[in-house]
Every structure is written in C-alpha cells, then in structure tokens.
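> Quick one, fold the following:
(chains A and B, ligands or ions: 2)
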Amino acid sequence: MSRLELKHVYLSFGGVKAVQDFSMQAEEGQIIGIIGPNGAGKTTIFNVISGIYTADSGQIFLDGEEITQLAQHRIALKGISRTFQNIRLFHGLNCLENVQTTLDASSKYNLLDAILMTPRRRKEEKRTRQRALSELEWVGLGEYVLENPENLSYGLQRKLEIARALAADPKVLLLDEPAAGLNPKEVQELMKLILRIRDERGITILLIEHRLELVMTVSERIYVQDFGETIAIGTPAEVQNNPEVIKAYLGEEE
Amino acid sequence: MSIYVESVLTFTSITCITVCGLYILTGLTGMFSLGQASFMALGAYAAAVLGKLYHWPFIPCLLVGIILSVVTGFLSGYPIMRLRKEYLTLITLCYGEAIIALLNQSNITGGALGMSDIPKHTTLIIAILFLIFGIYFAWCFRHSKFGRMAIAIKSDELASKSMGINMAAVKMRSFLCAAGLAGLAGGLYAFYLQYVDPSLFGWRKSGEWVAWVFFGGVNSLTGSIVATFGLSALSQFFSRFADYQVLIYSAMVLLVLNFKPNGVFGYWELSDLFNTRDRRMQRLLKEAQTREGALKHEQT
Ligand SMILES: Nc1ncnc2c1ncn2[C@@H]1O[C@H](COP(=O)(O)OP(=O)(O)OP(=O)(O)O)[C@@H](O)[C@H]1O
Ligand SMILES: [Mg+2]
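Ligands and ions are numbered 1, 2, ... in the order given. This next block holds a predicted model:
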C-alpha cells in the first residue's frame, strides 16, 4: 500500500484539459518531482490532491483510504499539507500565529473554555504555541517569531509557509515551486531543508519546481507533464536524457 | 450626572455591546451584516413580551432574547456559510427587514405602534457591567484559537481550508456570537427605554455600526469601542441637524478611510501599552525553557 496514490485522474476547465489520466504512487519518505512547462497542469494536480477541485474522474488514496471526494479541510486533517506557488500567508497574524493556526484546526477546546479561561484552554494554547515556536525554530525562523509575515523577505516567507504546513504533522507535503524567487544561496538552504524534512520526519514530498538543479538533486523519481499529460516518468538521469522531455522544454524556449 | 448625559452613556454602552459582536464578525472574520439591528430587535421584543406580559424577571428575559437571536442567526446563516461572504450581507439585510415587517404586522407586540410600559431594569451601571462582559468576550475570542482562525479566514479562505480549518464552522461561530451579543443588547435596550417599536431597528442602524467599526479600525477592538463612544456622542450633538447627520457622518468615514484605510487606530490596542512585543517574546522564551526543561526531565 502506497502512502499516496493517484489513479487515472482527469480534470478539465471548460475546454482546457488541465490534467489528463494522471497516475502516480509515492511511498513513505520519498521525494517525487513534478516538472513541465508553464500551464502543463502541475499546480492543478496539487489542487486536486488537496481538494480545492474535485477530479472529474479518477481516484486518490492516502494510505489506502480514498480521499477523492473529501472536503478540502478534511483532506488537510487526514495528513496532506501544502504550500502555494504564490505565497499565501495569513495577514493580520504574526509568524507564530500563522503557524499556530494550523494547530488550532485540531486543537481541543471550545468557546466556553475560551471565555472562562479554563485550564484546558490554557494547556492547549500553551501546547500549540510552543509547538508553533519549535516549528519556526526548526525551519530557521526563530528570530522572527513575533514579526508580521509581510515584513519578511521572500525567502523567509517561503520558509514560514513550509513551517505552517509542517505544523500539521502531515504524511504528505506538497511544495509548489518553493524555490521561485529565491537567490542561489537560498536555494541551497531550501534544498537542505527539503532533505531534512524527509530524513528527520519521514514525510513524503511532492515537489513542483522549475529550478531543475533543485528537483534533479533531491527527487527520487520525476513526472514530466506537458499539456496535462504525463510525457515521461523516471529517475532524474532518465528524464534528463528523454528526447520527449528535451523537445517539450526546447519547444517552450522557442 | 445630568439625566441627559446618563441616558446618552447608557444607550451608547448598550450599542457598544452590539459593536463588540461586530468586531468579531466584521473585524476578525471579514463578514458584513446589515441585520444586526434586527437581532437587537429580537432581543428587545423578547424582553418586552416576557417582561411586560408575563412578568418574567430580568436575566431570564435577556437569556431568551439571546437564544432567540442565536437560533434565528443559525437558521438564516446555515444555507450560506459555504458561499462567498458577500451573500451574508444580502441575506442578513433581507432577513432583518423581514423581521421588522413581521413585527409591524404582529398584534401581540402592538404592530407598528410598538409596546410601551415595559418595566425598567437597566441602569447605567448594569449597562456598563454588560458592556465590560461584551468587551471581555470579544477579547477572549480574539486571543484564542477562534480569533486566529477567524483572521485566517478573513485573510485567505483557500489557504485556511488547506490548513484544515473548517471555514463554514468558523464563519457560523462568528456570526452567532455577533447575533447573541446583539440580542443581549436588545434586551437591555428595551428594559431601559421601556418602549420598543419596529422602526428603531432598521438596517440603517446596522449600516451605521459597521461604519463605526471601520472608522475606529476593523482590526482593533480598542478602535471599535472608542469610535462607538466618540461617534455616537457626536451624533447626539448633531441630532439638532438631523438632516445633515448622515451627510456629516459619511463625509467623516470616507475621509478617514481614504487617508487611513485601516481606520483611526489601525492594529493598535490599548493592551499594547503594557504588553509590548519585548515582553511577549520574553514570556514566550521563558515558557519554552520550561518545556525543554520538562523534556530533559522526562528523558533522564
Ligand atoms: N481555476 C481555473 N480555471 C480555469 N482554468 C484554469 C484554472 N486553473 C488552471 N487553469 C488552466 O489549467 C492549465 C494548467 O494550469 P496550472 O496552473 O496547473 O499549470 P502549471 O503547470 O502549474 O503552470 P505554471 O508552471 O505556470 O505554474 C492552464 O491552462 C490554466 O490556464
Ligand atoms: Mg503552477
């Protein structure tokens, strides 16, 4: 049984066939790359997995349990967390609160506890607060705890988004172009962080990325998408030498 | 204190309880309701009917008013919590006006003439005590997971849901809290004025309150409260020029929002004075030490 499995997933927007017959399997602790030219349907695959859109047909399984039709927040609570291509942090909350909010979704106290300041509320608040703090420290944002996210640099905002996703203790983490807009040094740091997430926490990672040096280094297997279809699957070396892939990428540059 | 000043203060305190609910609904969650006054009407009429016709005591009348508002809020809100926030404005407007129309027709409550000779239970002190409760409620809401989730929904619904937040539940919770506080304020209002009629609770009132919250700062409880007291005192003062009141108001709100889009107070809270960022950080780190200490303790 795979950690995450997609079987023949299709999704169209009107006439645009964004995802066609996409199948994949990811095991525990694997890093899977997804690459392809702009508009190939990569983000849409993430959106289908995380429940923003429901597949037109096909099935999605997490640890053998079908999650295809579940509501977005239920899928998140089952253990699939994600970041966004165009960073989507919560404005009006500081870094700590941004991360804490993920834990709040499953924190166990009610409105009466909140108003009466019961021990249960205090205990849960302390737990989520400290967990959020250690998550921030873990990705290297320890000094920005009470900062507002909009005051952080682009690279740090990306890290904050990853911390927020990790706070859910996910089984699967979907990273949508985490290196976009980062300088080479930040890309190196990000690469280390991604490997640490896999090695220290055993989380399965799906990685969409245009920066080939990053995907090629960390991925165990790569899916190449073009116009919604999978045109190649294989190890980084196999994919790099695949004529179809070269054509798709060169075609894009023309 | 002159009777005039006392009545202005009492009415403003009562209104401010509703505004505390609006801070939760509009300020934290980013939803707009034009039906808050009608929830207040439900609380007021519950108090009037039970207090005058059935001679119920003060607190049970208030409780029934709150429950009535919350239940009505649930029924009106349930179908639309999954839809875009804008629908709530429309639905609350329609529901609110429907409630007023119903009250206009209802015989037991005196139709458009309303009800008078309601017993007087509310005093300035009682109004202030309930206002303190309202402020405390809003403050607790903000500084709990409920406040954070509400702000997350206001900021980004899609990302919130991807973090496991049940959006419909968060919106509903905020909506019901606001409805309940408005219902409470309604009861206090009826027991102070000793008179109610449907025209007191039209949607214009609701709109005015939303404007106050924006004026003071949607993101600041302090701002919402200060704006309520300031603007409502001002409106008493300007009531001699009732015709121009709306004009003056609108001009002020537009000016403020033009130059300070986050309202006069922005994100500032009174508690920031003593609860500075440095202090919060220190407390956090101290708490973290006890956590790590506890961990080491377990290991050895
Ligand atoms: N909500 C939507 N409504 C209509 N069309 C959409 C929607 N989302 C995506 N599409 C279309 O689906 C196709 C795939 O888009 P998608 O965002 O998945 O591409 P991508 O591979 O992530 O591209 P990029 O590398 O630019 O991020 C595109 O043609 C896009 O215009
Ligand atoms: Mg994309």
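> where does A:Leu11 land in three-state SS?
Three-state call for A:Leu11 (DSSP: H, G, I helix; E, B strand; the rest coil): strand.
> separation between it and A:Ser57?
A:Leu11 is 9 Å from A:Ser57, where distance means C-beta to C-beta, to the nearest Å. Every C-beta, even on glycine, is put in place using the N, C-alpha and C of the backbone.
> which one of the two has more residues nearby?
A:Leu11 (22 against 11; other C-beta atoms under 10 Å in any protein chain shown).
> what's the residue in the stretch 151-300 of chain B that chain A sits nearest to in contact with, if anything?
Chain A sits closest to B:Gly164 of the stretch 151-300 of chain B, with a gap of 3.6 Å, by C-beta to the nearest C-beta. Contacts for B:Gly164 were tallied using C-beta atoms under 8 Å, 6 or more residues apart in numbering or on different chains; they are A:73, A:76-77, A:102, A:105-106, A:168.
> Let me see the backbone angles for B:Met115.
phi -120, psi 140 (degrees, to the nearest 10).
> Wait, it touches B:Tyr195, no?
Yes. Using C-beta atoms under 8 Å, B:Met115 is in contact with B:Tyr195, at 6.9 Å.
> When these two are compared, which one has more neighbours?
Taking neighbours as other C-beta under 10 Å, B:Met115 and B:Tyr195 compare with B:Met115 leading, 21 against 15.
> contacts for the helix or strand in which B:Asp243 is found?
Assigned by DSSP states H and E, B:Asp243 falls within helix B:242-259. With C-beta under 8 Å, 6+ apart as the test, helix B:242-259 has contacts from B:208, B:211, B:214-215, B:231, B:235, B:238-239, B:241, B:263-264.
> Let's see that with 6 Å instead.
B:211, B:215, B:238 (C-beta atoms under 6 Å, 6 or more residues apart in numbering or on different chains).
> Then stretch A:214-221?
Stretch A:214-221 is contacted by residues A:30-33, A:35, A:179, A:187, A:191, A:194, A:209, A:236 when judged by C-beta under 6 Å, 6+ apart.
> how about those, which pair is most distant?
Across the contacts of stretch A:214-221, the longest distance by C-beta to C-beta is 21.1 Å; it joins A:Gln30 and A:Val187.
> Looking at the two, which has the bigger crowd around it?
In this view A:Gln30 and A:Val187 are compared by other C-beta under 10 Å, and A:Gln30 has more residues nearby, 19 against 16.
> Now do the contacts for that one.
A:204, A:220.
> Quick one: name the residues of chain A near chain B.
Residues of chain A lying close to chain B by C-beta under 6 Å from any C-beta of the partner chain are A:50, A:72-73, A:76-77, A:82, A:88, A:90-93, A:97, A:101-102, A:104-105, A:107, A:114-115, A:130, A:133, A:146.
> Just the ones of those in helices?
A:72-73, A:76-77, A:97, A:101-102, A:104, A:114-115, A:130, A:133 (DSSP state H).
> circling back: what's the spacing between the helix holding B:Asp243 and its chain's center?
21 Å (C-alpha atoms, centre = their mean, to the nearest Å).
> how about the CA coordinates for that helix, as PDB?
The C-alpha atoms that make up helix B:242-259 are tabulated as PDB, following Å, rounded to 0.1, in the frame of the first residue of the first chain:
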ATOM      1  CA  ALA B 242     -30.700  65.500  11.900                       C
ATOM      2  CA  ASP B 243     -30.900  66.200   8.200                       C
ATOM      3  CA  TYR B 244     -27.200  66.700   7.800                       C
ATOM      4  CA  GLN B 245     -26.200  64.000  10.300                       C
ATOM      5  CA  VAL B 246     -25.900  61.300   7.700                       C
ATOM      6  CA  LEU B 247     -24.000  63.600   5.400                       C
ATOM      7  CA  ILE B 248     -21.500  64.600   8.100                       C
ATOM      8  CA  TYR B 249     -21.000  61.000   9.100                       C
ATOM      9  CA  SER B 250     -20.500  59.700   5.600                       C
ATOM     10  CA  ALA B 251     -18.000  62.500   4.900                       C
ATOM     11  CA  MET B 252     -16.000  61.700   8.000                       C
ATOM     12  CA  VAL B 253     -15.900  58.000   7.400                       C
ATOM     13  CA  LEU B 254     -14.900  58.500   3.800                       C
ATOM     14  CA  LEU B 255     -12.200  60.900   4.800                       C
ATOM     15  CA  VAL B 256     -10.800  58.600   7.400                       C
ATOM     16  CA  LEU B 257     -10.800  55.600   5.200                       C
ATOM     17  CA  ASN B 258      -9.300  57.500   2.400                       C
ATOM     18  CA  PHE B 259      -6.300  58.600   4.400                       C
END
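> what's the model's confidence in it, averaged?
Average pLDDT, helix B:242-259: 80.
> Show me what counts as buried in that helix.
B:245, B:249, B:253, B:256 (16 or more other C-beta atoms under 10 Å in any protein chain shown).
> how far away is the second one from B:Cys61?
Remark: distance between B:Tyr249 and B:Cys61 (C-beta to C-beta) = 33 Å.
> Which residue, neighbours along the chain excluded, lies closest to B:Val218?
Among residues not flanking B:Val218 along the chain, B:Gly27 sits closest, at 4.4 Å (C-beta to C-beta, 6 or more residues apart in numbering or on different chains).
> oh, I was asking about A:Ile197
Per C-beta to C-beta, 6+ apart, closest to A:Ile197 is A:Ile203, 5.3 Å.
> Please report how far the one you found lies from A:Val48.
20 Å.
> Also B:Ile3?
67 Å.
> Neighbour count: these two, which is higher?
A:Val48 (24 against 7).
> Among the buried residues of helix B:242-259, name the ones that also lie close to ligand 2.
Applying C-beta under 5 Å from the ion, the subset of the buried residues of helix B:242-259 adjacent to ligand 2 is empty.
> Let me know the closest of the residues you listed to B:Tyr87.
Nearest member of the buried residues of helix B:242-259 to B:Tyr87, counting by C-beta to C-beta, is B:Val253, at 24.1 Å.
> Contact residues of the stretch 1-150 of chain B facing chain A?
Counting by C-beta under 6 Å from any C-beta, the stretch 1-150 of chain B sits next to chain A at B:140, B:144-145, B:148-149.
> Dump those into TSV; add neighbour count and secondary structure as well.
As requested, the residues of the stretch 1-150 of chain B next to chain A are exported to TSV (neighbours: other C-beta atoms under 10 Å in any protein chain shown; DSSP: H, G, I helix; E, B strand; the rest coil):
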residue	neighbour count	secondary structure
B:Cys140	18	helix
B:Ser144	23	coil
B:Lys145	26	helix
B:Arg148	28	helix
B:Met149	29	helix
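> that older thread, which one among the ones in helices among the residues of chain A next to chain B gets closest to B:Ser106?
A:Ile115 (33.9 Å).
> all helices of chain B, in order?
Secondary structure of chain B (DSSP H): helices at B:3-22, B:36-48, B:58-77, B:86-105, B:124-142, B:145-155, B:157-162, B:167-193, B:203-216, B:221-237, B:242-259, B:277-299.
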